[in-house]
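Trainee: structure for this input, please:
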Amino acid sequence: MKPHRIRVTHDLVSAYGMLPKMQVLRPKRATPESMTSFHTDEYIHFLSRVTPETAEELTFHGTRFLVGEDNPAFEGVFEFCSISAGGSISAAQSITSGAADIAINWAGGLHHAKKREASGFCYINDIVLGILELLRSYPRVLYIDIDCHHGDGVEEAFYTTDRVMTCSFHKFGEYFPGTGTQEDKGKDKGKNYTVNVPLKDGITDEAFRSVFEPVISKIMEVYRPSAVVLQCGADSLAGDKLGCFNITMHGHASCVQFLRQFNIPLILLGGGGYTVKNVARTWTYETACALGIENDIDPNLPWNEYFEWFGPRYRLEVPENNMDDLNVKDGSLDKVRFNALQQLSEIPCAPSVGMQDVPREPLGKHLNLEIDADRDEDGSMDDLDRRLAQHARYLFKLQEATASDQSDEERYDSDASSQRRPRKRMSIITNRYIDADSGKSAPRRFFRSAAKWDDTYGRVRLAREPVLENGVKHSGLAALMESGGRDTPVGDVNMDEEDWEDTASVY
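Mentor: I've put the predicted structure just below:
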């Protein structure tokens, strides 16, 4: 998921001369306030201040926010999230304003991120933020996911609503994230508005098209979406480092070509893809499909800054390999297609929603509550504004100081209510389950000491120190000194780290 993929794709798109054929926008970075339209304030605040050095403390030893090794804290993580989310939000705004019929953000498509934690290389769910922006103007939005991994984060966000239908075509089994069965159909008002198409290893272009086109056609018929968001995860391509499908570049791009036929506003987003040269090839070709010039471009790659990366063939193609298609061998594809179509047939009609006039500007700006950095220069910020701002900063710093004065044990216990049961997460790299509450999840007791203040003697003494009688100590002091004031003998060299922390004292 290195952002360098986007640079290679952009350079190849530019080399093909596609940039002058479309409007290229430089979107604003998403603000923390806009990110909290889906994510929790606590999580966004965490992302804005986490660093590799503070990650261990801020994640409570890897039990919150960044669970497992798939989502490390790196320098600039919040800037990366704001750029990705800002692109998807701006793409949605371009659609709703009528400025574009098709919008593309290859830096988006991070579909695993949850409301309060990162997952599967995804920190901010830009897809959900973009869909929420579309829902301000459109009654129904269709989300389609052709990534090799299940789009669990987006499905979870809209699992109980009928205003968004999610449809995911993904590998299922012992595979990250371990969700996406056909029994997951939504809940309450969202029942039957979650469609999952679980597939097996080695699916080819023809087999994938045989299930994709009938299912999407049925959705268009019964749901009648006002806009479509297509997540074009490229790890479903043949030869991907983490993928297990056998889909070529043309088979992958056929999804974009098929959706263009419906003449519905469309947003194309990136996603997975871990063989960088194939990712750049495919997204470049799908950009041409969005422009309708896929038949006019030369399959021989033009010269570009990363030309050597595409050897030895130097062609705009991703060929299939010799994998066996397990979906056809056992006949499971027909059953999966039948179940999906059967579920869609249970939807009586397209759901309606009461529409209201969308505010043309944010409420804070309309009420003149937003503080501009330049307001103080023209004298519009009076003394009361400055004093209120100063008082707010003082309270915020006071809360931070109070939080920092708490011991690790207190802070851990204050969050224990949200961890009622052990949580398990699957790793996107190893496809194995990990215990989210494993490791150093126990409270670290730094301030448990054997030294106590004794009013009788007027000094600090060990709790296990023998009592003095007539100035003479009882026997056993040598053994106590030998053990360092601990119950564990010095000879016991098998003490682990937690035992040491529990028994260490400051004299």
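Trainee: from here on, just use CA atoms for contacts and neighbour counts.
Mentor: OK.
Trainee: all helices for the stretch 51-200 of the chain, in order.
Mentor: 55-58, 77-96, 126-134, 152-157 (DSSP state H, counting those that start in this stretch).
Trainee: mind giving me the packing neighbours of the third one?
Mentor: With contacts taken as 3 or more CA pairs under 8 Å, 6 or more residues apart in numbering; DSSP states H and E, helix 126-134 sits against helix 77-96, helix 152-157.
Trainee: ok, the last one next?
Mentor: Using 3+ CA pairs under 8 Å, 6+ apart, the elements in contact with helix 152-157 are helix 126-134.
Trainee: out of the helices of the stretch 51-200 of the chain, which is closest to S210?
Mentor: Proximity to S210 (CA to CA) singles out helix 152-157 among those, at 23.4 Å.
Trainee: residues contacting the closest one, please?
Mentor: 111-115, 125, 127-128, 166, 177, 179-180, 194 (CA atoms under 8 Å, 6 or more residues apart in numbering).
Trainee: convert that helix to PDB, retaining C-alpha atoms only.
Mentor: The C-alpha atoms that make up helix 152-157 are tabulated as PDB, following Å, rounded to 0.1, in the frame of the first residue of the first chain:
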ATOM      1  CA  ASP A 152     -15.600  -5.100   5.600                       C
ATOM      2  CA  GLY A 153     -15.200  -1.500   6.700                       C
ATOM      3  CA  VAL A 154     -17.700  -0.100   4.300                       C
ATOM      4  CA  GLU A 155     -20.100  -2.900   4.800                       C
ATOM      5  CA  GLU A 156     -20.000  -2.400   8.500                       C
ATOM      6  CA  ALA A 157     -20.600   1.300   8.200                       C
END
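Trainee: tell me which residue is most central in this protein.
Mentor: Most central in the chain under CA atoms, centre = their mean is A113, positioned 2.1 Å from the mean C-alpha point.
Trainee: quick one: contacts for that one?
Mentor: By CA under 8 Å, 6+ apart, A113 lies in contact with 119-120, 122-125, 153.
Trainee: relative to G62, how far out is it?
Mentor: 16 Å (CA to CA, to the nearest Å).
Trainee: one more: P214?
Mentor: Look at P214 and G62: by CA to CA, they are 43 Å apart.
Trainee: repeat for G354
Mentor: Distance, G354 to G62, by CA to CA: 43 Å.
Trainee: can you check S84 too?
Mentor: Following CA to CA, the distance that separates S84 from G62 is 24 Å.
Trainee: show me which of these two is the more surrounded one.
Mentor: Taking other CA atoms under 10 Å, S84 and G62 do not tie; S84 has more neighbours (25 against 21).
Trainee: ok, the closest residue to P302 other than its chain neighbours - contacts?
Mentor: Distance criterion CA to CA, 6 or more residues apart in numbering; nearest residue to P302, sequence neighbours excluded, is A15 at 6.3 Å. A15 is in contact with 302-304, counting by CA under 8 Å, 6+ apart.
Trainee: between those, which is nearest K241?
Mentor: N304 (24.3 Å).
Trainee: run a quick neighbour tally on the closest one.
Mentor: Neighbourhood size, N304 [other CA under 10 Å]: 15.
Trainee: cross-check the contact I'm expecting between it and D11.
Mentor: Yes. When contacts are counted by CA atoms under 8 Å, N304 is listed as touching D11 (6.8 Å).
Trainee: what's near enough to touch the closest residue to I428 other than its chain neighbours?
Mentor: What sits nearest to I428 in space, not counting adjacent residues and going by CA to CA, 6+ apart, is F176, at 5.1 Å. Counting by CA under 8 Å, 6+ apart, F176 makes contact with 149-150, 426-428, 431-432.
Trainee: narrow those to just the buried residues.
Mentor: 149-150, 426-428, 431 (16 or more other CA atoms under 10 Å).
Trainee: all strands for this protein, in order.
Mentor: 102-105, 141-145, 164-171, 194-199, 227-231, 266-269, 424-426, 433-435, 451-454, 459-462, 468-469, 472-473 (DSSP state E).
Trainee: let me have those in CSV, adding distance to L242 as columns.
Mentor: Converted to CSV, the strands of the chain look like this (distance: least, CA to CA, whole Å):
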stretch, distance to L242
strand 102-105, 22
strand 141-145, 17
strand 164-171, 11
strand 194-199, 15
strand 227-231, 17
strand 266-269, 19
strand 424-426, 14
strand 433-435, 16
strand 451-454, 55
strand 459-462, 57
strand 468-469, 69
strand 472-473, 69
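Trainee: turn these into CSV, including distance to Q342 and mean pLDDT.
Mentor: Formatted as CSV, those follow (distance: least, CA to CA, whole Å; pLDDT from 0 to 100):
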stretch, distance to Q342, mean pLDDT
strand 102-105, 31, 98
strand 141-145, 18, 98
strand 164-171, 14, 97
strand 194-199, 11, 97
strand 227-231, 22, 98
strand 266-269, 26, 98
strand 424-426, 30, 69
strand 433-435, 32, 67
strand 451-454, 71, 64
strand 459-462, 73, 61
strand 468-469, 85, 48
strand 472-473, 85, 46
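Trainee: between these, which gets nearest to N71?
Mentor: N71 lies closest to strand 424-426 among these, at 12.0 Å (CA to CA).
Trainee: follow-up on the earlier one: closest one to E33 out of the buried ones among the contacts of F176, please.
Mentor: Nearest to E33 among the buried ones among the contacts of F176, counting by CA to CA, is H150 at 27.8 Å.
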